[in-house]
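Enquirer: Here is my input, please return the structure:
(4 chains)
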Number of protein chains: 2
Amino acid sequence: MAVTIKDVAHASGVHVSTVSRTFSAAHLVNPETRARVVAAANALGYRPNRAARALSTRRTGNLGLIVADIANPFFPPLIKAAQAHARRSDHHVFVADTDEQVRAEEELIRSMATQVDGALLVAPRLSNRLIAELSADVPFVVVNRQPANLPAVLMDVASGARQALEHLVSLGHREIALLTGPRASWTNQRLERAATDAAEHHGLRLHRLGPNQPTEGGGAGAAPGVLASGATAVLAYNDLVALGLLQELRGRGLAVPGDLSVIGVDNTHTARHCGLTTIDMPTAAAGRAAIDLLLRRITSEDAPGTVTLDTRLVVRGSTAPPADGFQGP
Amino acid sequence: MAVTIKDVAHASGVHVSTVSRTFSAAHLVNPETRARVVAAANALGYRPNRAARALSTRRTGNLGLIVADIANPFFPPLIKAAQAHARRSDHHVFVADTDEQVRAEEELIRSMATQVDGALLVAPRLSNRLIAELSADVPFVVVNRQPANLPAVLMDVASGARQALEHLVSLGHREIALLTGPRASWTNQRLERAATDAAEHHGLRLHRLGPNQPTEGGGAGAAPGVLASGATAVLAYNDLVALGLLQELRGRGLAVPGDLSVIGVDNTHTARHCGLTTIDMPTAAAGRAAIDLLLRRITSEDAPGTVTLDTRLVVRGSTAPPADGFQGP
DNA sequence: GGGGAAACTGCAAACGGTTGCATGAACATC
DNA sequence: GATGTTCATGCAACCGTTTGCAGTTTCCCC
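Expert: Numbers count the residues shown, from 1 in each chain, chains lettered A, B, ... in the order given. Next up is the predicted model:
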């Protein structure tokens, strides 16, 4: 029922191969013939069948985008940018959600492998070994993770973390809690590292509390530990954790930033509206960069590169000088 | 290089058709043979090629999900739910974003039509005529729109709107502004209708202001009109508009809910954390229901149905009695 | 033990494109 | 005017799977 290349060939009086070339290698066909074919195709409403094309070219024109949790406001801007950017090169994007589960992630990649030209893994939790193994089946580009020999886009939270601690120091904080995230998270590792270094540099006490679930629940659950630690400021693994903590603290009658300062990571839509001081992650730029790398990797087998994007602190209303006024010696 | 049905056939000493049947019509093959084939397939790591399968079955196993703006926090929960639900039936989902543009929407549908078995249109802005025309190419299910003869899932904002106005009445408000959204939006039409009826029923004055862009910018831009209207409470088209308005008002030194009460629509993640009173939209349930309808429509040609889901008011901190204390006569 | 049904498997033609090779025409070169 | 090139097109095999049809075997029943 659908219009095929055969119908177009018949209507324009040429062989199917000429029609095929008109659309996939236009320079090989005489301009006049081409015009006739195109006219016939338009008249009939011809659209190439991508499955058929995929079968002979071994190129589907599809990409996979695998994230931990679509509903986590960190991801949508990245998804939006990646998808829009891919479309410019006539690629469609499968979006899938692993629900933060490693098993689901692997199975998802395997099931997608057969029908995409490449995939974007955003902050994958898979082991490096498994990532390497799976990358034999599909070209990958990884975001916020740095496996050997794979192209990666990194949003380096370190620069933002340094700015965050400087900000807290300048406000007079000396005891800071770090709510860590999942162990397997590259961002978490960088964050811990950068915070530890910066704390040492500034002579601060850093209380590491975690690992916490990267959700509001994780943040809420961390409240007792934070209060027990005696810290006057908190740097949380991400905005969700920060917001969860914030809500829990307010529920206990504490004021933010009056009694405690809180800083998140991601600069999500929610953080912007709730007045949360946070570290901005360039998600949209990362999505575009990752698609660029992926397409490059697919078309030419050139060496994989790594793109690193900077982050920066955005100061809003959830940080202030500590209540007890330790403004220095 | 990839393992095909042929390799499996060779390894297990049967014809390719038997291998094919093992995976697509298992009851047609002898249990012992089947076991041998499955063993060989596993040993070789065989995965069926979906493009090839699509070519002969005319079923791709893919669905399209088309939304106005992935980064609008209304959509991600729906996308997440739809995608997860589709996966349970071994379907993959293309997600695409029209950026609120009608032209993009049409082109997107056309380009996807050739490689999906069906598509979900969420709150499409296309004309009914065009929707009908395009639905000849692909089975559609529409969310928050009600074109003739198409299956639809509706989140009926009317029930929530009634509750919202009752809530405002009970607080003592008498003059209410309604910030309307895009004309082509079904939700907007229902909202206007329900608010008008409820206002009449309660003897309220309703100031309709709009249409506004369904974004924070739209809400901020509406602030002067709201203030000029003399309304003491606002019902906004969605949470983004409400939050944009809220920010603008606070920027002008006004207090919410002290000077003005604000109610949004959607119950987004952001609204939850910012303490915005809003109307909850059952987005996840709608996503699942829509996928169900779509798969049913694809597999059996039965009559399209319409599913209507209720909405309800969620009271938070952005509503309070009016400043001037009109608590009744 | 012969006829027929049922169960299983193989054969080969699709599905809708792409592409290496062959053919033929037009044209330039010496 | 024979030879070589270039350009445009047709031919046909192929991509990996499905599926209608036909053949073979097994089994049942009279």
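Enquirer: would you say residue A:153 is within a helix?
Expert: No. Read with DSSP: H, G, I helix; E, B strand; the rest coil, residue A:153 is strand and lies in no helix.
Enquirer: From DNA strand C, how far out is it?
Expert: Applying C-beta to the nearest atom of the strand, to the nearest Å, the value for residue A:153 to DNA strand C is 30 Å. C-beta coordinates here come from the backbone N, C-alpha and C atoms, glycine included.
Enquirer: is that residue in a bridge, and if so with what?
Expert: In this entry, residue A:153 is beta-bridged to residue A:143, residue A:307, by DSSP bridges.
Enquirer: so what pLDDT did it get?
Expert: According to the predicted model, the pLDDT of residue A:153 comes to 97.
Enquirer: For the closest residue to residue A:80 other than its chain neighbours, the count of nearby residues, please.
Expert: Sequence neighbours aside, residue B:70 is the residue nearest to residue A:80 in space, at 4.0 Å (criterion: C-beta to C-beta, 6 or more residues apart in numbering or on different chains). Residue B:70 has 27 neighbours, counted by other C-beta atoms under 10 Å in any protein chain shown.
Enquirer: In contact with residue B:70, which residues?
Expert: Applying C-beta atoms under 8 Å, 6 or more residues apart in numbering or on different chains to residue B:70 gives the contacts A:76, A:77, A:79, A:80, A:83, B:76, B:79, B:95, B:97.
Enquirer: what about the third one, helix or strand, and which?
Expert: This means residue A:79. Using DSSP states H and E, residue A:79 maps to helix A:75-88.
Enquirer: And the contacts of that helix?
Expert: With C-beta under 8 Å, 6+ apart as the criterion, helix A:75-88 contacts A:63, A:65, A:67-70, A:92-93, A:95, A:120, A:122, A:143, A:283-288, A:290-292, A:295, B:69-71, B:73, B:75-76, B:95-97, B:99.
Enquirer: got it, and stretch A:100-116?
Expert: Contact partners of stretch A:100-116, identified using C-beta under 8 Å, 6+ apart, comprise A:54, A:60, A:62-64, A:66, A:68-69, A:94, A:96, A:98, A:119, A:121, A:124-126, A:130, A:134, A:137-138, A:214, B:2, B:47-51, B:62, B:92.
Enquirer: can you check stretch A:12-30 too?
Expert: By C-beta under 8 Å, 6+ apart, the list of residues contacting stretch A:12-30 reads A:5-6, A:8-9, A:33-34, A:36-41, A:48, A:53.
Enquirer: on that earlier part again, between the contacts of residue B:70, which is nearest DNA strand D?
Expert: Of all the contacts of residue B:70, DNA strand D sits closest to residue B:95, with 25.6 Å by C-beta to the nearest atom of the strand.
Enquirer: pLDDT weak spots in the stretch 1-150 of chain A?
Expert: Within the stretch 1-150 of chain A, the set of residues satisfying pLDDT under 70 is empty.
Enquirer: Now narrow the contacts of stretch A:12-30 to whatever sits close to DNA strand D.
Expert: A:33, A:34 (C-beta under 7 Å from any atom of the strand).
Enquirer: In ChimeraX, how would I select the buried members of the contacts of stretch A:12-30?
Expert: Listed next is the ChimeraX selection for buried residues among the contacts of stretch A:12-30, using 16 or more other C-beta atoms under 10 Å in any protein chain shown:
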select /A:5,8,9,33,34,36,37,38,40,41,48,53
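Enquirer: Tell me where chain A has helices.
Expert: Residue ranges of the helices in chain A, as given by DSSP state H, are A:5-12, A:16-24, A:31-44, A:50-57, A:75-88, A:102-113, A:128-134, A:157-171, A:186-202, A:216-229, A:239-251, A:269-274, A:283-299.
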